[in-house]
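Enquirer: Got a predicted structure plus its sequence, pasted below:
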Amino acid sequence: MTRLNIAIPLRWSDFDAYAHVNNAEMLRLLEEARIQAFWRPDDGAPASVTAVLDARPGAATIGLIARQEIEYLAPIPYMRAPIDIEMWIGRIGGASIEICYELFSPVGVAPRVLFTRAATTLVMVTTETGRPERIPEELRALWQPFVEEPVASTKR
């Protein structure tokens, strides 16, 4: 099982009057992790081996979110250390991938708490036509080591 670990710092504005991460901000945290994990940096900075998608303006192919599901297991309190987001690919389809997430307390904090499980379906689309574009074999091969069972919701 190969997963990506992405550290995402929490911002003061992520919290609401109940002193935990607001549910709407969870989408931003997932987005930040997804960008770090899959978007190629513009500046040549070191990145994850999975960070190969060109997300710059004018890119020939873009990834559009088709679906997101979030299961809140425990409130995320304010912490100064970044939360640890484990990510993997639950499925590689013809033109889409299912990105799975588990959000944990910061590395080194005991006990380790699982706060959230989530999944995003990302569809690759040709910018010129707006139509889905098949994921090339080289990307499938690169992402294959990160494929495991999709996230399973426990509250359904």
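Expert: Now that the structure is in, tell me what you want to look at.
Enquirer: Could you list the low-pLDDT ranges of this structure?
Expert: Residues of the chain meeting the criterion pLDDT under 70: 1, 46, 155-156.
Enquirer: which residues in it form helices?
Expert: In the chain, the segments counted as helices under DSSP state H are 23-38, 137-143.
Enquirer: and the nearest residue to Arg91 once chain neighbours are set aside, how many neighbours?
Expert: Closest residue in space to Arg91, ignoring its immediate chain neighbours: Glu98 at 4.3 Å, by Cβ to Cβ, 6 or more residues apart in numbering. Heads up, the C-betas are built off the backbone N, CA and C, glycines and all. Glu98 is flanked by 20 other residues according to other Cβ atoms under 10 Å.
Enquirer: and Glu98, how far is that from Arg56?
Expert: Applying Cβ to Cβ, to the nearest Å, the value for Glu98 to Arg56 is 24 Å.
Enquirer: Contact partners for the most centrally placed residue in the chain?
Expert: The structure's the chain has its C-alpha centroid closest to Arg34; by Cα atoms, centre = their mean the separation is 3.4 Å. The contact partners of Arg34, by Cβ atoms under 8 Å, 6 or more residues apart in numbering, come to Met87, Ile99, Thr120, Leu122.
Enquirer: Let's see that with 7 Å instead.
Expert: Residues counted as contacts of Arg34 (Cβ atoms under 7 Å, 6 or more residues apart in numbering) are Ile99, Thr120.
Enquirer: Next: the one 3 residues further on.
Expert: Applying Cβ under 7 Å, 6+ apart, we find Ala37 in contact with Leu4, Ile6, Ser48, Thr50, Ala51, Met87.
Enquirer: can you check Ile65 too?
Expert: So Ile65 contacts Thr120, Leu122 (Cβ under 7 Å, 6+ apart).
Enquirer: rewinding a little: on the strand side of things, show who the residue nearest to Arg91 bridges to.
Expert: Counting by DSSP bridges, Glu98 is bridged to Arg91, Thr121.
Enquirer: where's it relative to Ser48, distance?
Expert: Taking Cβ to Cβ, one finds Glu98 at 18 Å from Ser48.
Enquirer: and if you look at Arg140?
Expert: For Arg140, the distance to Ser48 equals 17 Å [Cβ to Cβ].
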